[in-house]
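Asker: Just a sequence and a predicted model for now, questions to come.
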Amino acid sequence: MSQSISAHPDRLLPADPGTRSIARDLLGRVQDLPIISPHGHVDAAVLEQNTPFPDPAALLVSPDHYVTRLIHASGVPLEQLRAQAGAQADPSAAAPESRSVWRAFCEAWPLFEGTASGYWLRDQFHSVFGLAQEISAATADASYDAISARLQEADFRPRQLFKDFNIEVLATTDDPLDDLAAHKALAGDATFHGRVLPTFRPDAYLNPANPAWGGNVERLIAAAGDGGSGFAGYLTALENRRRYFVEHGAVSADHGVRTPRTLKLDAAEAERLFERARSGEASAAEREDFEAHMMYQMARMSVEDGLVMTIHPGSFRNHHTETFSKFGADTGHDIPFAIDYTESIRPVLQDFGNSKDFHLVLFTMDETVYSRELAPLAGFYPSVYLGAPWWFLDAPDAMLRFRSAVTETAGFSRSSGFIDDTRAFCSIPARHNASRRIEASFLARLVAEHRISEDRAHDIIVDLVDGSPRRVFKL
Amino acid sequence: MSQSISAHPDRLLPADPGTRSIARDLLGRVQDLPIISPHGHVDAAVLEQNTPFPDPAALLVSPDHYVTRLIHASGVPLEQLRAQAGAQADPSAAAPESRSVWRAFCEAWPLFEGTASGYWLRDQFHSVFGLAQEISAATADASYDAISARLQEADFRPRQLFKDFNIEVLATTDDPLDDLAAHKALAGDATFHGRVLPTFRPDAYLNPANPAWGGNVERLIAAAGDGGSGFAGYLTALENRRRYFVEHGAVSADHGVRTPRTLKLDAAEAERLFERARSGEASAAEREDFEAHMMYQMARMSVEDGLVMTIHPGSFRNHHTETFSKFGADTGHDIPFAIDYTESIRPVLQDFGNSKDFHLVLFTMDETVYSRELAPLAGFYPSVYLGAPWWFLDAPDAMLRFRSAVTETAGFSRSSGFIDDTRAFCSIPARHNASRRIEASFLARLVAEHRISEDRAHDIIVDLVDGSPRRVFKL
Amino acid sequence: MSQSISAHPDRLLPADPGTRSIARDLLGRVQDLPIISPHGHVDAAVLEQNTPFPDPAALLVSPDHYVTRLIHASGVPLEQLRAQAGAQADPSAAAPESRSVWRAFCEAWPLFEGTASGYWLRDQFHSVFGLAQEISAATADASYDAISARLQEADFRPRQLFKDFNIEVLATTDDPLDDLAAHKALAGDATFHGRVLPTFRPDAYLNPANPAWGGNVERLIAAAGDGGSGFAGYLTALENRRRYFVEHGAVSADHGVRTPRTLKLDAAEAERLFERARSGEASAAEREDFEAHMMYQMARMSVEDGLVMTIHPGSFRNHHTETFSKFGADTGHDIPFAIDYTESIRPVLQDFGNSKDFHLVLFTMDETVYSRELAPLAGFYPSVYLGAPWWFLDAPDAMLRFRSAVTETAGFSRSSGFIDDTRAFCSIPARHNASRRIEASFLARLVAEHRISEDRAHDIIVDLVDGSPRRVFKL
């Protein structure tokens, strides 16, 4: 009974029969369009080397902090969810076997009812792994065996799935000093037909509060500073590495920052802050000013080199220090907080808001800025685009709230298109499909309420799914 | 196909057939009621002189920053949207012809799908201008010619439209030193039957951060200070000008402030800040304190002279300095930000919250204060009324969110009635009609869910549309 | 016509016929389950002594600040709503008769349409008092007489109603120095079968800004400090009184604080602040630090003694000083404001977030924290539970917004179960019933949209209504 819902053709569509019928038609226009994924965290090397997937737990449970966090909340220590293959900061703790992790997951499966993760997983179990039955504690071993068998099939390799999933473009997220060897190899491989693009992600080189910043900066200047040193060499090195990324297909630079603050400084003051940070003397306020100024510099470079600038702010990373110490970052305790865009992003918009071909995609996990700040900004500045609902907000109801909050002010033309932002390669089709169903649901309501004609809604959904990401990310 | 939606009798009504049927009945109770518009920006002189409307672009595109901002966001410079009739700060830029502006608008028309502006415009094209076809780039010249012809018809003049639109009361927004000549002439004109009321809008006389403040204050004291000088003369002059407005029919004073902050000061401290501001020595904090205190004074005067006090806070005006320099204020880049009412408005409510006949109407573009602050305030203080959803929030979904957020705490009796707040005279019927449809939609849902009886809903919608604005604005 | 809505079996259920049918089935699973009320403000002595209820106004109007505030907003002075039986700070004002208060309420009855209070009252009038007709000004005397007659019936006593209402557990809210005599008597009374549990509510002993704090602290130390004095004696006394509460059945400690701020201090600094507060020398900042530290201490004690910790922050209490002076606290002018949990609660979660059996239930009246902070926190920390929508948010639409905001991130397992938080004993069934109807409505939509199977929804609603409160409050 439960299993049937993952196969239901009307899943996520509105309940009202008239509206659902419109939504079905709209979905029909986009269901088979290729997947364009301009921001995510899949490893290019996995595609290049066509690495077989590991076991069920190591593929679907241990590395997915969307999944482990909720099981952790139910009282299961994270240790028990990290199988032997996974990294372990605490070597004395014997890591559990993969099958035991899978059993813990199956026991916890009811926790995921109504969540976005639950929806994606159920979709994958059905459409990617071909499970006939709902996941349950009672059938944990059977589902483990079934998925394991699927993982060993010859056609269940990244490259074949890339094709089966109908992915046209997949962007990865990369360190500025990465040599992009896997990207180069893929681009030069006549047997691979997708586009796998690097993304310039310089956070750890811009934020002096990051303990690795000092070392990163030295390595950066040494590698790409063209012999310069100091702030000038640093800027040159960043420009050079961005150019390297552009030359290897990058279309965007991504910025994960605590707040969206930006700050214009004159060269002397910027240099002064840089040197104080480099010598470890900068105060917290000076470090923040420097990072805010570097966001301004990143915008300036984007205007010059054409990389789309995406900003992901507002997350208190690693909220629980003990968990961070034991298991590292991205372990489920990044917690959003309230942000402001109107003041914070203004220095960048003052100078570059009308700049030709500058694209600035703004994300948030604070929903209050959608109607209050982001839609008004995107409804005036040609550079500003509304990032798709992100992270906790990448979920059916949250996506509907997003559309309701922004559309009446900014229309449909100012949004980024769907962003899956995922590490979980096998979840990509489920995520994009969910988004398409929600776009169809939202538009269907507007049609049913005679706000938009059905013809126009057909055009709009195609543009949202296919036109927007190509246009916004310059694909 | 598209055109038909603007004529559809069920437009904006809920999709569920049972709920829609209830909504239709509710709408029937109010659809033909006269329009009461207690706050807006139409120019009284246009009605007094019965000025013919200009060409389509100068009427419907160039002056409407709701419209030009979204075309601007699509990459069209504002210069190309301001026809020769419009003001031009940059004389070297040859202003485009009206027809070329209209063509740009028609090309951009798809951007407005799903927006409030798009809804109002489509409604006007159908019901005011009688266009048979949807606007499109291909038919731009035809629609330009059809609207132009309509504008030249003898009955297409402001006074006839005022009657055709079934407007009973229309409030304008006026400078405190305005002589209100047009209002006087209209009031004395036996051939004109509507009520056109001035509104006292003293922002530029209260906020020392406004560059014009110093000069305004001198002119104000000279004109109405009764010979007094200094702070006492300033207060006297404000009181006198308010009285002048009251004598000429004003029912409210409107305040566009950055934040809703209010501050009680003793006379000596207020005078000290006034003199420091006047001499240009006041710090930013002192200027803010002074403005906050003047909001307190405005409340005190409203208690005394009976003018309803309306507050419109929370907009970062003229966010893009370059655009402001070239094109002035109200050009599409006023961006909302987070506000607080609970603390900010308390000094006024401490002293006047229970004052007899004091009416304080609070607006917001920060939706978060609806359920958190405004509904609880309006649900206790007899003076506080919930301003209708304003600006970006004057839109179907946003209005439904407003009702959902406030009704369960404050009921229906504490809201201001619909406020169109518009410069666009021809859009007034569309805006009021949209509001009535949404009120019907919201109430219909409560009826369908057996929360309110159908009989009571009929009473309530009549009160929302007709009773509330008369009661709240003392009409 | 109106009256029928309070008896309608589908009240509050969604309008769409298919969804409603699912909701009906879901409601059927929980409609007859016993009421578990783990937090509220009923007086245990009323049950112990089986006190007859007073007259209609003194029972249903005067003490209910949810009700009097909205009548006050309509212009009726609070004096006129407080019958002779009620406390009067101003002895010169002759208190009105109970019947006259009732008439004022009946006249004001239309104000409550669409509000949560109106819904609960209408439900009570029908199901508890058996009124056949809708309340109205015209029938005020008749309804007064009918309710009065009902109040005098032999079976209309607290103990019988406790049984009729099918209440299994009812928690009260109690002063730390309360001897809990009524609770003891009830526990020892073989003729009474419900569980009436005390709740430890130490606000007035923790917050030095409270004028009674100094005296309370002395009394506390004297009564339970085990001979200790100073900060150590104070902590000991709190621990002792908590133990006393545990021994008498308490399962939770409740904290009504201005903000959710918590602060870890070393013992010397905590003692220093304590002594400065005790001597009246502490600055506002020091008093706030001390209270924030005491929240940390309360968490520490909860880890040790097992009392569930509930936090109710974010209300500006007694906003209108004049009303507070005349009528005291809880008179309708507590106004919410914006809060932060991510930073504020972190010191507690750093140390105790993963502590075994520590349960921390977080409430809010600032809806923005639901999706942004609370769901992510509850979705990681085993200790954190989502408090049910509280106060102004304990209302149908607000409850639906809550579920929509939190479920996609935290699922259904992390919520507290319904909390009625009421003083109004006779409203308890209406409140719990409304909550069950809304849970059914929300789940029915997920089923109709094929997000959850109907079987699982049946399990979930039983768990939300019955399992969650037992599990979260350790019942």
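Answerer: That came through fine.
Asker: hey, let's count contacts and neighbours off CA atoms from now on
Answerer: Will do.
Asker: where along the stretch 151-300 of chain A do the helices fall?
Answerer: Secondary structure of the stretch 151-300 of chain A by DSSP state H, counting those that start in this stretch: the helices cover A:158-164, A:181-187, A:203-206, A:213-224, A:230-247, A:267-278, A:284-305.
Asker: out of those helices, which comes closest to C:Ala282?
Answerer: helix A:284-305 (28.5 Å; C-alpha to C-alpha).
Asker: my guess is A:His319 meets A:Phe337, correct?
Answerer: No. Here A:His319 does not reach A:Phe337: they are 11.5 Å apart, not a contact under C-alpha atoms under 8 Å.
Asker: A:Gln80 contacts A:Arg99, correct?
Answerer: No. With contacts counted by C-alpha under 8 Å, A:Gln80 stays clear of A:Arg99, the gap being 11.0 Å.
Asker: got the residue ranges for the strands in the stretch 1-150 of chain A?
Answerer: For the stretch 1-150 of chain A, the strands defined by DSSP state E, counting those that start in this stretch cover A:35-37.
Asker: need the residues of it near chain B, please.
Answerer: The stretch 1-150 of chain A has residues A:16, A:18-19 near chain B, with proximity defined as C-alpha under 8 Å from any C-alpha of the partner chain.
Asker: Tell me, what's the model's pLDDT at the residue nearest to A:Tyr234 when sequence neighbours are not counted?
Answerer: Distances taken as C-alpha to C-alpha, 6 or more residues apart in numbering or on different chains place A:Ile221 nearest to A:Tyr234, at 5.5 Å, with adjacent residues excluded. We have a pLDDT of 97 for A:Ile221.
Asker: just checking, A:Ile221 touches A:Ala237?
Answerer: Yes. Between A:Ile221 and A:Ala237 a contact is recorded at 5.7 Å, counting by C-alpha under 8 Å.
Asker: who has more neighbours, those two?
Answerer: A:Ala237 (26 against 22; other C-alpha atoms under 10 Å in any protein chain shown).
Asker: so the more buried one sits right up against A:Glu218, yeah?
Answerer: No. If you go by C-alpha under 8 Å, A:Ala237 and A:Glu218 don't touch, sitting 10.4 Å apart.
Asker: Please list all residues in contact with A:Gly233.
Answerer: A:221, A:225-227 (C-alpha atoms under 8 Å, 6 or more residues apart in numbering or on different chains).
Asker: Tell me which residue in the stretch 201-350 of chain A sits closest to chain B.
Answerer: A:Gln350 (5.5 Å; C-alpha to the nearest C-alpha).
Asker: So chain A: which segments form each domain?
Answerer: Chain A is divided into the following domains under automatic domain parsing: A:54-153, A:160-472.
Asker: Just the terminal-to-terminal distance for the shortest one.
Answerer: For domain A:54-153, the first-to-last residue distance is 12 Å (C-alpha to C-alpha, to the nearest Å).
Asker: Next: the longest one.
Answerer: The straight-line separation of the ends of domain A:160-472 (C-alpha to C-alpha) is 28 Å.
Asker: gap between it and the chain center?
Answerer: Put simply, domain A:160-472 sits 8 Å off its chain's centre (C-alpha atoms, centre = their mean, to the nearest Å).
Asker: Find the least confident helix or strand in chain A, judged by mean pLDDT.
Answerer: Taking mean pLDDT, DSSP states H and E as the measure, chain A has helix A:2-7 as its least confident helix or strand, at a mean of 69.
Asker: Look at the nearest residue to A:Leu186 once chain neighbours are set aside and say how many residues are nearby.
Answerer: Leaving aside its sequence neighbours, A:Leu186 sits nearest to A:Glu48 (C-alpha to C-alpha, 6+ apart; 5.7 Å). Using other C-alpha under 10 Å, the number of residues around A:Glu48 comes to 20.
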